[in-house]
Structure formats: structure tokens, C-alpha cells
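Q: Just need the structure, nothing else, for what follows:
(chains A and B)
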Amino acid sequence: MTLAITNTLTGKKEPFKPLGDPVTMYVCGMTPKDRPHLGHAFMFVHMDVIRRYLEYRGYAVRHIQNFTDIDDKIIDRARAAGRDPLDWAREYTEAYFEVMDRLHVRRAHEYPLVTGNIPGIIHDVQELIDGGHAYPTSTGVYFDAATFEDYGALSGRTAEDGAAGARIAVDEEKRDPRDWALWKLDNESSVTWESPWGRGRPGWHIECSTMIRRTLGEQIDIHGGGADLLFPHHENELAQAEAATERHPFVSYWTHTGLVLTDGEKMAHSLGNFTTTADVLTDVPPDVLRLYLLSVHYRSTLQFSPAAIEQTRAGYERLLAVMRAKGESVDGDCNELDVELSAARQAFDAAMDDDFNAPRAIGALFDFGRAINRLSPASSAADVSSAQSVFTSLLGVLGIELHEPDAASDDATPFIDLLVQVRRQLREARQWELADTIRDDLGALDVVLEDTPDGTVWRRG
RNA sequence: GGCGACGUAGCCAAGUGGUAAGGCGGGGGUCUGCAAAACCCCUAUCCUGGGUUCGAUUCCCAGCGUCGCCUCCA
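A: Numbering: from 1, shown residues only, chains lettered A, B, ... in the order given. Down below sits the predicted model:
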């Protein structure tokens, strides 16, 4: 089987052929101006799954993700709060890690910052000027879009589209409405740097081109980011990179994640309609949220719905139940579980090979879980536990871990055990009403009792 | 206005030119003292109208609806 990845540039699923070893992957990270919302969680979780699956397939992956730690919004917000912009950015960078760690988003190998790449950015801007792709004006340095023949290829927009859609105030000094700032002159803000063109700071798009070049090289395998960055950000990034290096393609596979909608519109900091990831995690376990985010293909739009998360919670319970299955057969030479096991692996791989189809992969795992439950009475303990370990390892490729709600450290445990003991005696005495009352009352306290042939077991509900 | 995406059961959501995964919910059953969990069975003809085809939910056109990008944005 071959892994195929949809490439935004061509709009097609293409067989994955890495440039070399390791596979190079760049993900457009956050501008840490506010706390990460569910849109961020969706994107980073899906990108994490892409990386995990590549590693599962045996590729070594070098994953780089930036932080745009200085930009207009950060400066504005910090100034309004009377704070230092860099300090502001650090605070929300921490907020990012706090929440993504809980969601098991694996850390990138490096997190370059704009503020740590100024010399490289200045070098690259100068190179574009020298190459005839950029020019200085009284407000900064601009990229000359007309000098890059393929401009618009990624987002599928022509020069005419650009002109027609130009709603931004026309800058008389720009040669073309499509041109954008590589360097912004600025003598007022606290965070500026000297440059050959005057004091200022980088434009947004150039940072990614520079960081990719410095950390991964002139051409990379995979570039990820939200669909809202396709234009102009990625279009410009591509133009800057290829104009500077004259190497094509800059990126082999452009992967864009769908956007998260809330009440029918895009969730965004700027719209003020966002639900923070941390907020959701106050009452939704991280693995449940992760399962929810992965229940939609990465390229699709996710319509955020608390009700759907609740449904996912129930689905997660079902996954947990698979781990409670026990092999009961002593002579157990039932090999049906082996058959199911290899079928599950195959279905999982096929789904993920097909453009990282996590929803389908999850479906395959639910099938596998049902098979484990069904076959466990006729299988040996060893076979069941090895099936379960494959089950958890495949879930692990999706970054989903199975955790029973923790009861071990609970002070109430001895008392619950005691009640269960008393109830056992009541049941032996056929005192059903009292026994049921204990069960119901414990249930109201989120302690679930199940009477099995081997006795009563209880767990946190 | 330009460009693009999407519209699948009560809900979430995959997918295919030959009558549609999975999860939640609902109904029935097995098991159980009764439950719970688990297991088994049932629960959709794929927005509308044309067209192409032996045959379309899947391809093409139009319409309706929703969303995104064109400005900062994951």
C-alpha cells in the first residue's frame, strides 16, 4: 500500500515520495496574542496525527513549528494593557504548550521565533531586492508580485482576481495591488530592529520562508496550516521562497486543515466568538476532545457542537470497555481473534494511507473493539491481551490514550469497597431492594456497579 | 462582485459509477434476581431539477442553502 496525500497546490491526492531522510514537515504555528481556541486545537491535533502516522510508517520526521511572537496585534494588545509585547507573547506561548501537551500533541523539534530570526529575515529580504523581486518605498520593503510568474498558483487566483478583489486601501507606492510588505518601517514601537532600509520589523509572510530555509532547507516535504492561511500567507510564502532560491517546488505537499465553525461562522480571536481549548478541557477529558476533533477529516470543516462532544464521550466509554474484556477460555485455540487483528491493522492502515483518513481509521477501531468483546469469552487470556495491546497501539497512532477515570487516589475508595461488601451480603440474603438502593445511590455519586459472574466490580463513571 | 468548499439517517460522520463505514440516540432480543456492561437484530436511498450512462448518492450543468478566502487569522 502507498500513502497518498492531498496536495493543495494540485488539488489531487498524490503518492507520498519524500525528498530524503528525515521527512521535513513545517507547520504554521500561532501568533501568541490570546489563548488557543478549538480551531487551533483542531489544526494542531490533525497535524500531530500526520506526523505520528508518518513515524508509524517508519519515516523519521523533522517537525518544525513557529511562533509569530511579534506582530501588529500583539503590539496593540500589549500596549492597551500597558504590557511589554514580548512578555505578552511569552505568556500565550505558554498557554499554547499547556493545552497542547494535555491533548498529547507531540512537541516539534524546534520552535523558531520571529525575534530569533531577524538577521536571517534581513538577509532574505536583501536577497529578494538584489534579485529584482522586491523594492523599498517610504513605508517599507515590498515584494513585487509581478516578478514571480506562478503567483496565485497555490490559491488558484489570477492577477485579475487580485485586482478585482482589492478592497484594501490602495498604496500609491506599490507597483501592484498584490504586493506585500517584507519589512515595515517603524520608529514608534518598542520592538524594532535596525535594517539597511531603516528601523522597523518584518512583515508577516517573510518569517515563515526564512525559518523554513534556516531550519529545514530550501525545499521541504510537507507544509501544514489552517485553510485560512492559504491566501495570502502561503501564497506569499511560496513566492518568496521560490523567487529567492529559484528552486521548485518549495513544498511537495501543501496540507490545509478545515476551519472550525461556531454558530455558523469561523471561530476566530478577531471575531470574539471563540471557545478556548482550556475551557473545554475543564469538563471534557483530553482524549475525548481529541477523539471528537479526529472524528472529522482534517480537510473538512468542523461545526463545533457541545452536543456532539457529549456523544463522543459516550463513544470513548465504549473504547474503554474494550480494555475490560478478558479471555476466559483455557484450551482457547480460537484463532478468530488473529483474523480480526490483522483485518483491523489492514483497515486502519488503508484508511490512514488514504490521505490520513482518521474518521475511517476510528471506524475500523470500533469494529476491532467489537470483535474483541465478542470473541474474548472463547479466546485465551494471552490472545485477548495481545489484541488489546494492538488496539491501544493503533489508538496511540492517533494520539488517543485510554484512561479510566482515576479512582486509585480517591479517599472514598475504602468506603465504596465496604458498601460493595455489605451489598454482596444483602444480595446473598436476597435483599434486592436494599442492594439496589445502594447501587442506585452510588450511581448518583458517579460510582458505577456492575454485577458480573465473578462478583461485583465498580468504577468511576 | 471574484475564487473555492460543502449539503449523506433524530444527531456526529466516512464512502463508492452498480442500490451507503463507524459512533451517539432510539426499538427489539440474549445475559442478569433486577440492572449495568457486553453481544445479536432493526433504525438513510445520499438538498432540488435536468443531463451523460445499461446503471449516479458518487461525473456534468443549473438552482437553492451553508461556509471560507479576497483585511489580521490555525
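Q: doesn't A:Asp48 make contact with A:Leu294?
A: No. If you go by CB atoms under 8 Å, A:Leu294 and A:Asp48 don't touch, sitting 9.9 Å apart. Heads up, the C-betas are built off the backbone N, CA and C, glycines and all.
Q: With just CA atoms, put stretch A:453-461 into CSV.
A: Output in CSV follows, covering the C-alpha atoms of stretch A:453-461 (Å, rounded to 0.1, in the frame of the first residue of the first chain):
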residue,chain,number,x,y,z
PRO,A,453,-20.4,-13.7,37.2
ASP,A,454,-17.1,-13.2,39.0
GLY,A,455,-18.6,-10.8,41.5
THR,A,456,-19.3,-7.1,41.6
VAL,A,457,-16.9,-4.6,40.1
TRP,A,458,-17.1,-0.9,40.4
ARG,A,459,-15.5,2.1,38.7
ARG,A,460,-15.8,5.8,38.4
GLY,A,461,-18.5,6.8,35.9
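Q: Now do the buried residues in it.
A: A:Trp458 (16 or more other CB atoms under 10 Å).
Q: Also stretch A:288-303?
A: Buried residues in stretch A:288-303, defined by neighbour count with 16+ other CB under 10 Å: A:288-299, A:302.
Q: Confirm that A:Pro249 sits in a helix.
A: No. Judged by DSSP: H, G, I helix; E, B strand; the rest coil, A:Pro249 forms no part of a helix; its state is coil.
Q: what's around it, how many residues?
A: Neighbours of A:Pro249 under the rule other CB atoms under 10 Å: 18.
Q: Just give the closest residue to it, not the sequence neighbours.
A: Leaving aside its sequence neighbours, A:Pro249 sits nearest to A:Gln219 (CB to CB, 6 or more residues apart in numbering; 6.8 Å).
Q: Surely that neighbour is in contact with A:Tyr253?
A: No. When contacts are counted by CB under 8 Å, A:Gln219 is not listed as touching A:Tyr253 (11.6 Å).
Q: before we move on, the earlier item: which of the buried residues of stretch A:288-303 are close to RNA strand B?
A: Counting by CB under 7 Å from any atom of the strand, A:295-297, A:302 from the buried residues of stretch A:288-303 sit close to RNA strand B.
Q: So what touches the strand or helix carrying A:Ile5?
A: Assigned by DSSP states H and E, A:Ile5 belongs to strand A:4-7. By CB atoms under 8 Å, 6 or more residues apart in numbering, the residues outside strand A:4-7 that reach it are A:12-16, A:222, A:252-255, A:299, A:353-356.
Q: Can you flag which of the residues you listed belong to strands?
A: The strands, defined by DSSP state E, take in A:12-15, A:222, A:252-255 from the contacts of strand A:4-7.
Q: could you say what helices and strands the helix or strand hosting A:Val288 packs with?
A: Per DSSP H and E, A:Val288 falls inside helix A:286-293. With contacts defined as 3 or more CB pairs under 8 Å, 6 or more residues apart in numbering; DSSP states H and E, the packing partners of helix A:286-293 are helix A:38-56, helix A:277-281, helix A:306-322.
Q: tell me the angle of that helix relative to helix A:306-322?
A: Angle, helix A:286-293 to helix A:306-322, by axes from the mean of the first three to the mean of the last three CA atoms, to 10 degrees: 120 degrees.
Q: next structured bit after helix A:286-293?
A: Trace forward from helix A:286-293 with DSSP H and E and the next one is strand A:302-303.
Q: follow-up on the earlier one: closest to A:Glu173 among the buried residues of stretch A:288-303?
A: Relative to A:Glu173, the closest of these is A:Arg299; by CB to CB it sits at 38.6 Å.
Q: nearest residue to the closest one other than its sequence neighbours?
A: A:Gly258 is the one closest to A:Arg299 (CB to CB, 6+ apart), at 5.5 Å.
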